[in-house]
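Undergrad: The amino acid sequence is not available; the structure is as follows:
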């Protein structure tokens, strides 16, 4: 059953050096507060998994925490490149990083396979793609029933999955609503999971069909972190800070400017203030 902890204690207890960590959230509910706490605690040698690494992973990579990135698209949405990621890939600063690139479909299938405790995911895809030539984890098999050629990728089984959600009840059940990506699959696939939430309520409300409830038995720890998805957004709570995404392009281009921003806005702030 899930345990309620402070954000500092949850990250310290669940995320370990060398772990494979997935911080998921598609467009909204991106767990920035939790990622910033990982930065503050300096937990490194991580393999980071995310379907769409954007600003949060740019920050973690720029702080030298990642040795490897498994992803399906990387960029500053609507703005341009991730300059800290590019610096790590192209110049090895602050350390070299290995890349394993996939399609969105492959990542989603791989998370679902991990959630189902399967060794691999099988799906229609990658035929005609150049990714198979550069990614040894993209392979092809013939269906034993139809003879159709299918793509296969290893299941994703993170050591830790971290997601942000709107609400948890006092029993430890969690509600996510709005745009839901692969948060449910990531949590179910992971060995340990942390959910940061906007608030704790006595009972989860009735909600729209476009929602996911994570039962308490799927979640290792819950930390209350109001505003924990900013500068992304949390449906029903606050809007996306589009101006910050634009500003990040200039902040992240220069190593010194980036380090100064991290020092002021992440390292110098407590988990409670930062979240």
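TA: Yep, it's here. Here the structure is a predicted model, which means the values were calculated and not measured.

Undergrad: contacts, neighbours, all on C-alpha from now
TA: Fine.

Undergrad: Residues contacting stretch 18-28, please?
TA: 15, 30-31, 35, 44-52, 158-164, 179-183, 186, 229, 232-235, 240 (Cα atoms under 8 Å, 6 or more residues apart in numbering).

Undergrad: which of those count as buried?
TA: 15, 30-31, 35, 44-52, 158-164, 180-183, 186, 229, 232-235, 240 (16 or more other Cα atoms under 10 Å).

Undergrad: Sitting in strands, which of those residues do you find?
TA: Judged by DSSP state E, those include 46-50, 160-164 as members of strands.

Undergrad: And those, which is closest to residue 93?
TA: Nearest to residue 93, judged by Cα to Cα, of these is residue 46 at 15.6 Å.

Undergrad: can you tell me which residues contact the closest one?
TA: 17-21, 65-68.

Undergrad: and with 10 Å instead?
TA: 15-22, 60-61, 64-69 (Cα atoms under 10 Å, 6 or more residues apart in numbering).

Undergrad: what about it, distance to residue 15?
TA: 9 Å (Cα to Cα, to the nearest Å).

Undergrad: circling back to that earlier point, in strands only, show me the contacts of residue 46.
TA: Using DSSP E, the contacts of residue 46 in strands are 20-22, 66-69.

Undergrad: element containing residue 89?
TA: Secondary structure assignment for residue 89, by DSSP states H and E: helix 83-91.

Undergrad: now for the very next helix or strand once past that helix, which elements pack on it?
TA: Once helix 83-91 ends, the next helix or strand along the chain (criterion: DSSP H and E) is strand 98-101. Counting contacts by 3 or more Cα pairs under 10 Å, 6 or more residues apart in numbering; DSSP states H and E, strand 98-101 is packed against strand 46-50, strand 66-71, helix 83-91, helix 131-134.

Undergrad: Looking at the ones in strands among the buried ones among the contacts of stretch 18-28, which is nearest residue 73?
TA: Closest to residue 73, out of all of those and judged by Cα to Cα, is residue 50, at 8.6 Å.

Undergrad: Run through the bridge partners of the closest one.
TA: residue 71 (DSSP bridges).

Undergrad: Contacts only, for it.
TA: 21-26, 57, 69-74, 104, 107, 182, 186.

Undergrad: Which among these count as buried?
TA: Using 16+ other Cα under 10 Å, the buried ones in those are 21-26, 57, 69-72, 74, 107, 182, 186.

Undergrad: Am I right that residue 108 is in a helix?
TA: Yes - per DSSP: H, G, I helix; E, B strand; the rest coil, residue 108 lies within a helix segment.

Undergrad: What mean pLDDT does the helix holding residue 89 get?
TA: Across helix 83-91, pLDDT averages out at 98.

Undergrad: Name the residues that touch that helix?
TA: 53-55, 57-64, 66-67, 69, 74-76, 92-99, 248-255, 258.
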